[in-house]
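Provide a 3D model corresponding to the input given below.
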Amino acid sequence: MVEFDAVVLAGGGSTRFGGVDKALLVLDGVSLLDRVLTATIAAESTVVVGPERAVCRPVDWTLENPPGGGPVAGIAAGIALGRSPVVVLLSCDLPWITTDEVAQLVDGVGDSTSGRDGFGLLDSGGREQWLAAAYRRTALVEALKRIGDPRDKSVRRLFLGLDLAWSAPSRAGDDVDSWADLDD
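The predicted model follows:
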C-alpha cells in the first residue's frame with residue numbers, strides 16, 4: 001500500500017448534540033474518535049485537528065486557524081504536519097469505518113500516474129463523503145491555494161474541480177449527525 005498520513009477533523013461544536021463532544025460519544029464501548037484512530041493505524045502520521053483528548057494511540061494535535069474557522073481551516077492545519085503523498089481525511093464521526101475501508105481509500109487514489117486526485121466513500125444513501133476520502137497531498141495543497149483564506153469556506157467549494165472517484169454506497173461512509181444515527 002502507498003504511504004499515507006491521516007488527518008482527523010475533531011474540532012466541531014457538536015451543536016446538534018447540545019454541545020456534547022461528539023468525538024467522545026461512545027458506541028459499543030469505544031469513542032467515535034478512537035474508532036477512527038483505530039481504522040487509521042497504518043498511517044505514517046496521524047494528526048487530529050481539535051482540542052487534545054485522551055485517545056487510544058499516539059497522535060499529533062493541532063487546531064484550525066482561526067479557532068472555530070470551520071472544516072476547511074482544519075484541513076489546512078492538518079495537512080501542514082505530514083509528508084506522505086496521500087492524505088486520508090476523515091471526520092471523527094465515522095463509527096463504522098475500518099482499516100479495510102481506509103486501505104480501499106488509499107488504493108482507490110491509485111499510483112501517481114492515474115491522474116485521479118482522490119477517492120472517497122459514499123454513505124449508505126449514496127451521498128459523497130468528502131470527509132471520508134483519500135487525496136493526493138499535491139491536489140489538496142493546490143485546492144487550498146485556490147480557495148485562499150480557508151476560514152468559513154465550504155468543503156464543497158474546496159473540492160470543486162478535483163478529479164474524484166467514489167466507492168459503492170456503504171455503511172462505512174455513514175457519519176453521525178444526530179442521536180438517532182447511533183441507534184442503527
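
C-alpha from now on. contacts and neighbour counts both.
OK.

Distance of the residue nearest the centre of the chain relative to Val155?
Residue closest to the average C-alpha location in the chain (C-alpha atoms, centre = their mean): Leu90, at 1.4 Å. Distance, Leu90 to Val155, by C-alpha to C-alpha, to the nearest Å: 12 Å.

how about the helices of this structure, start to end?
32-39, 71-79, 99-109, 137-147, 155-159 (DSSP state H).

counting contacts, what elements does the helix or strand bottoming out on mean pLDDT in the chain pack onto?
Comparing helices and strands within the chain by mean pLDDT, DSSP states H and E singles out strand 26-27 as the least confident, with a mean of 88. If contacts are counted by 3 or more C-alpha pairs under 8 Å, 6 or more residues apart in numbering; DSSP states H and E, strand 26-27 sits against no helix or strand.

Could you rerun that using 10 Å?
helix 32-39 (3 or more C-alpha pairs under 10 Å, 6 or more residues apart in numbering; DSSP states H and E).

which sections of the chain are below the confidence cut-off?
12-19, 111-114, 178-184 (pLDDT under 70).

ok, back up a step: now for Leu90 and Val155: what residues contact both?
Both Leu90 and Val155 are in contact with 75, 130-131, where contact means C-alpha atoms under 10 Å, 6 or more residues apart in numbering.

thought Val109 was touching Ser167?
No: at 11.2 Å, Val109 does not count as touching Ser167 under the criterion of C-alpha atoms under 10 Å.

neighbour-wise, which of the two wins?
Ranked by neighbour count (other C-alpha atoms under 10 Å), Val109 and Ser167 place Val109 first, with 25 against 18.

Give the full set of residues in contact with the more buried one.
Taking C-alpha under 10 Å, 6+ apart as the test, what Val109 contacts is 2, 86-87, 115-120, 133-136, 164-166.

hmm, which of the residues you listed are the buried ones?
Neighbour-count burial (16 or more other C-alpha atoms under 10 Å) applied to the contacts of Val109 gives 86-87, 116-120, 133-136, 164-166.

before we move on, back to that, between the shared contacts of Leu90 and Val155, which is nearest Ala42?
Proximity of the shared contacts of Leu90 and Val155 to Ala42 (C-alpha to C-alpha) peaks at Leu131, which lies at 18.3 Å.

Tell me, how many residues neighbour that closest one?
23.

Quick one: residues contacting it.
With C-alpha under 10 Å, 6+ apart, Leu131 has these contacts: 7-9, 71, 75, 88-94, 120-121, 155, 173, 175.

Gly68 versus that one, what's the distance?
Distance from Leu131 to Gly68, by C-alpha to C-alpha: 17 Å.

try Ala132
Distance, Ala132 to Gly68, by C-alpha to C-alpha: 21 Å.

Show me what Val26 is bridged to.
Ser31 (DSSP bridges).
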